[in-house]
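In: All I have is the shape, not the residue letters:
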């Protein structure tokens, strides 16, 4: 019966005495802290803060240890939707066009990247404009070289009178004219030969002086190129007359006359046929 009485005595202990006994016993964290500070430097003291403890259970309730006495119950703001705003801008990835994707997937080595059609059109327009301007300048320079001997004898830079006709004749000859506008049809042959010899002598003297002074003159032109009618190549084994296509030989009237030859009819009578 003695052990039963002891159990009754243990059960009848005061809870306040039990709490005082627990508080008098040192906390294991305090013992560990003292041991650590004895070996190393003392740890900085931390301020007591309210610790939020969230209990994940079916009720999904949260308790505040520091403010247990000030709990006001459940609030309607706990189930509110939380809105998160990202103010930082992110760089958007540029999509490749069909031409750029085709250039990227090709096996050719890169050559500075493909150019867009707009930039190509702008570059082509600029090139066309520059080429047209250069062509106009080249024509003006060529005319100046051709007509420089006409300006030498005149004090004024503008061409007038007989020299203007000569300049017009030079421009027409440069464009392909075979007959000079200064030639006269009705003229004695001796006079024409004298005029041609004088012109050749004057032109030879001008070129000699220009060569000695280092002046660049126009290139000498010797008539236009003669164009000959090129005979059509019919190939090996092809017929010499007509057009052979799709297994059929087509002969024109001209081809037939060329094969038969020209027949002259006898004058004043009918053709006689031998029986």
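Out: The structure has been received and is ready for your questions. Predicted model, so just to flag it, every value in this text is computed and none were measured.

In: How far does stretch 83-96 stretch from one end to the other?
Out: Stretch 83-96 has an end-to-end distance of 35 Å (criterion: Cα to Cα, to the nearest Å).

In: Kindly state the pLDDT recorded for residue 46?
Out: On the pLDDT scale, residue 46 is placed at 56.

In: what's the nearest residue to residue 165 if we skip its chain neighbours?
Out: Leaving aside its sequence neighbours, residue 165 sits nearest to residue 182 (Cβ to Cβ, 6 or more residues apart in numbering; 6.7 Å). Every C-beta, even on glycine, is put in place using the N, C-alpha and C of the backbone.

In: What are the buried residues along whichever strand or helix holds residue 31?
Out: If you go by DSSP states H and E, residue 31 is part of helix 28-39. Judged by neighbour count using 16 or more other Cβ atoms under 10 Å, helix 28-39 contains no buried positions.

In: taking the mean pLDDT, what do you get for it?
Out: Per-region confidence: helix 28-39 scores 80 on mean pLDDT.

In: For the stretch 51-200 of the chain, which segments count as helices?
Out: Under the criterion DSSP state H, counting those that start in this stretch, the stretch 51-200 of the chain contains helices at 98-105, 117-146, 148-152, 162-175, 189-213.

In: could you list every residue that touches the nearest residue to residue 251 once chain neighbours are set aside?
Out: Distances taken as Cβ to Cβ, 6+ apart put residue 242 closest to residue 251, at 4.2 Å, once the chain neighbours are dropped. The neighbourhood of residue 242, defined by Cβ atoms under 8 Å, 6 or more residues apart in numbering, consists of 249, 250, 251, 252, 255.

In: And the pLDDT for residue 242?
Out: Note on residue 242: pLDDT of 81.

In: again with the one 10 residues further on
Out: The per-residue pLDDT reported for residue 252 equals 87.

In: how many neighbours does it have?
Out: Residue 252 sits with 11 neighbouring residues when counted by other Cβ atoms under 10 Å.

In: isn't residue 258 right up against residue 240?
Out: No. Using Cβ atoms under 8 Å, residue 258 is not in contact with residue 240; the gap is 9.9 Å.

In: which one of those two has more residues nearby?
Out: For residue 258 versus residue 240, the count of surrounding residues by other Cβ under 10 Å is larger for residue 258: 13 against 8.

In: if I look at that one, how far off is residue 192?
Out: 45 Å (Cβ to Cβ, to the nearest Å).

In: show me what contacts residue 207?
Out: Here residue 207 is in contact with residue 217 (Cβ under 8 Å, 6+ apart).

In: can you do 6 Å?
Out: Contact analysis of residue 207 by Cβ atoms under 6 Å, 6 or more residues apart in numbering lists nothing.

In: With that, I have no additional questions.
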